[in-house]
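S.K.: Fold the following, please.
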Amino acid sequence: MFAEENGLKGDPRLQAISQAIRVVPHFPKQGIMFQDITTLLLDHKAFKDTVDIFVDRYRDMHISVVAGVEARGFLFGPSIALGIGAKFVPLRKPRKLPGEVISEKYSLEYGTDCLELHVGAVQPGERAIVIDDLVATGGTLSAAIRLLERSGAEVVECACVIGVPDVKGHCRLIGKPLYVLVEPREVDKCSRCEVDSSFG
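M.R.: Below is the predicted model of the structure:
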């Protein structure tokens, strides 16, 4: 669900968050409207509001694990974890974690990718949320859910800063709820453009 459908309708923080995200047309390839969150990170108030909204949502849900998807989930996950008194667990691409790992492959538009989790980072029965910056198809988040569930965690929800408008109808999150702050922005009318979904 989008935040404005869940008690934040008309909240000026959401508009400020959306406006702080730079849109770069035709990056990294022709036809992509890249949602650049680095400008959100430069805006102290908008960045804090982003974290605060997630913290307010999850503070009383007894979450003990905030799992961040590489790489941009790492930018929000640790702050949210600190805010709710949980641990942060990175879900990384292959061969980035030094210890023993479990892996979960998932499909991309052209090929496959993989997420890995350190064995022992999550204990059976822990309640977890998954954080990323953007969701388009839900493939990466679904892989994250499967990875955490294989470790015995209970995935309560997935959360993203940006979600495409039709994400509710087409997102493959294997039955888990999704919480999204804002929709992707556009610069101008961009014929034959789509939102960058290379991360999700």
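S.K.: can we go C-alpha only for contacts and neighbour counts from here?
M.R.: Fine.
S.K.: Wasn't residue 57 part of a helix?
M.R.: Yes: remark: residue 57 belongs to a helix, assigned using DSSP: H, G, I helix; E, B strand; the rest coil.
S.K.: Test of understanding: give the bridge partners of the most centrally placed residue in the chain.
M.R.: For the chain, the residue nearest the mean C-alpha position is residue 132 (1.7 Å; C-alpha atoms, centre = their mean). Going by DSSP bridges, residue 132 is paired in beta bridges with residue 160.
S.K.: Distance check, it against residue 83.
M.R.: 17 Å (C-alpha to C-alpha, to the nearest Å).
S.K.: how about low-confidence regions in the chain?
M.R.: The model of the chain has pLDDT under 70 over residues 166-172, 187-200.
S.K.: Show me where it has its strands.
M.R.: Applying DSSP state E to the chain gives strands spanning 22-25, 32-36, 65-69, 87-91, 101-108, 111-118, 127-135, 154-163, 178-182, 194-195.
S.K.: mind giving me TSV with those and columns for distance to residue 2?
M.R.: As requested, these are exported to TSV (distance: least, C-alpha to C-alpha, whole Å):
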stretch	distance to residue 2
strand 22-25	20
strand 32-36	17
strand 65-69	19
strand 87-91	24
strand 101-108	24
strand 111-118	26
strand 127-135	12
strand 154-163	8
strand 178-182	5
strand 194-195	17
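S.K.: Indicate which one of these is closest to residue 43.
M.R.: Closest approach to residue 43 among the strands of the chain (C-alpha to C-alpha): strand 22-25, 11.5 Å.
S.K.: How about the contacts made by residue 75?
M.R.: Not one residue lies near residue 75 by C-alpha atoms under 8 Å, 6 or more residues apart in numbering.
S.K.: likewise residue 13?
M.R.: Residue 13 neighbours (C-alpha under 8 Å, 6+ apart): 46, 49, 50.
S.K.: could you measure it against residue 111, distance?
M.R.: 38 Å.
S.K.: so how many other residues sit close to the nearest residue to residue 173 once chain neighbours are set aside?
M.R.: Distance criterion C-alpha to C-alpha, 6 or more residues apart in numbering; nearest residue to residue 173, sequence neighbours excluded, is residue 142 at 5.0 Å. For residue 142, the count of nearby residues is 21 (other C-alpha atoms under 10 Å).
S.K.: likewise residue 120?
M.R.: Here the number of neighbours of residue 120 (other C-alpha under 10 Å) works out to 12.
S.K.: How far does stretch 35-50 stretch from one end to the other?
M.R.: End to end - C-alpha to C-alpha - stretch 35-50 spans 15 Å.
S.K.: Can you name the residues in contact with that stretch?
M.R.: With C-alpha under 8 Å, 6+ apart as the test, stretch 35-50 has contacts from 13, 16-17, 20-24, 133, 161, 184-185, 195-196.
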